[in-house]
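Trainee: any chance you can model this:
(chains A, B, C and D)
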Protein chains: 2
Amino acid sequence: MKDLVSRCPIEEVMQVLSGRWPTLLVYYLKDGTKRFADLRRDNPTVSHRILTLELRKLEAAGVVQRTAFEGYPLRVEYDLTPAGLALVPLIDAISDWWEQNAPARSAASDVAEMPTPQVAS
Amino acid sequence: MKDLVSRCPIEEVMQVLSGRWPTLLVYYLKDGTKRFADLRRDNPTVSHRILTLELRKLEAAGVVQRTAFEGYPLRVEYDLTPAGLALVPLIDAISDWWEQNAPARSAASDVAEMPTPQVAS
DNA sequence: GCATGGTGACAAAAAGGTGCGTAATTTACA
DNA sequence: TGTAAATTACGCACCTTTTTGTCACCATGC
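Mentor: Residues are numbered from 1 along each chain as shown, chains lettered A, B, ... in the order given. As a prediction, this is how the structure comes out:
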């Protein structure tokens, strides 16, 4: 998260989507408008500070729309932008990919060290 | 990267794909077999040590296949596993998504603070 | 003595967390 | 009637944990 500028787009997206929370927040927001407290309930392990920071990051990236209402108690709503909505199926796809390839991971365990297959030239 | 176990798959994948390097390494490996030094050339900013650690992580996740040959100088080859190959189009899709939504990001800038649209109830 | 892929000790930086303060209004209750 | 507390979203200061990086060093055969 230094520049948000790099040669290849993957590096840039990852500056936004890397970390524990961004994808998770998108995931929870796909159900529709949520308030700050809703998102905290959805994921009780985020600290309030990190949640605000992450939401701001996603807002800056154009993934999340933040709408603040005046008056007390404060009220702020978060939604996915169209861009954010477009991201949802992609995250789902990666999620599916993981689930499909998870069995392979647990099967091939840590036995295979230094396979030494050929000697080659 | 504590447990690699969580309620929802997204959290798990992100433990593997989060960070600057994992997706980038997959990206470079999609061209085919690469040796350690090749990957360093592809991305000169990874430190040598981090590269080994990241590759190990991807290997453990079943994304990358590591093949070590005996003899000196040492020779180690890295390839994508079938799972890793399956991941490539997904990363590309996210990459494309970013490129398509990049203009929107620079257009909507930081002017809109406290929009105060309705007052609601 | 260089090249290859790697390790371990340690330092720096980033990510994440805790807890307190703030605001205006409502509710609790004595 | 007066006061205390809760509510909501957040900023700030400080701290811990995790990640990433630097540096030196190993192994061996040409």
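Trainee: spatially central residue for chain A, please.
Mentor: With distances taken as CA atoms, centre = their mean, chain A has A:Thr23 as the residue nearest its mean C-alpha position (1.6 Å).
Trainee: touching chain B at all, the strand or helix carrying that one?
Mentor: Secondary structure from DSSP states H and E places A:Thr23 in helix A:22-29. Yes: using CB under 8 Å from any CB of the partner chain, helix A:22-29 reaches chain B at A:23-24, A:27. No exception for glycine: its C-beta is placed from N, CA and C like everyone else's.
Trainee: output that helix as PDB, nothing but the C-alphas.
Mentor: Provided in PDB are the C-alpha atoms of helix A:22-29 (Å, rounded to 0.1, in the frame of the first residue of the first chain):
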ATOM      1  CA  PRO A  22     -11.300  -6.500   2.000                       C
ATOM      2  CA  THR A  23     -12.700  -9.600   0.400                       C
ATOM      3  CA  LEU A  24     -14.600 -10.500   3.400                       C
ATOM      4  CA  LEU A  25     -16.200  -7.100   3.600                       C
ATOM      5  CA  VAL A  26     -17.200  -7.300  -0.100                       C
ATOM      6  CA  TYR A  27     -18.600 -10.600   0.600                       C
ATOM      7  CA  TYR A  28     -20.800  -9.300   3.400                       C
ATOM      8  CA  LEU A  29     -21.800  -6.200   1.500                       C
END
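Trainee: what angle sits between the host helix or strand of A:Ile94 and helix A:22-29?
Mentor: A:Ile94 belongs to helix A:82-107 when assigned by DSSP H and E. Taking axes from the mean of the first three to the mean of the last three CA atoms, to 10 degrees, one finds that helix A:82-107 is oriented at 120 degrees with respect to helix A:22-29.
Trainee: helix A:82-107 near chain B at all?
Mentor: Yes: contact between helix A:82-107 and chain B is present through A:83, A:86-87, A:90-91, A:93-102, A:104-105 (criterion: CB under 8 Å from any CB).
Trainee: what residues does chain A have near DNA strand D?
Mentor: Residues of chain A found near DNA strand D (CB under 7 Å from any atom of the strand) are A:35-37, A:48-49, A:52, A:55, A:66, A:68, A:72-76.
Trainee: ok, 10 Å please
Mentor: Taking CB under 10 Å from any atom of the strand as the contact definition, chain A meets DNA strand D at A:14, A:18-20, A:34-41, A:47-53, A:55-56, A:59, A:66-69, A:72-78.
Trainee: from the residues you listed, which land in strands?
Mentor: Per DSSP state E, strands hold the following members of the residues of chain A next to DNA strand D: A:34-35, A:66-69, A:75-78.
Trainee: so which of those is the closest to chain B?
Mentor: Distance from chain B was checked for each of these by CB to the nearest CB. The minimum falls on A:Ala68, at 5.1 Å.
Trainee: measure the closest one to B:Arg66 for me?
Mentor: When CB to CB, to the nearest Å is the yardstick, A:Ala68 and B:Arg66 sit 50 Å from each other.
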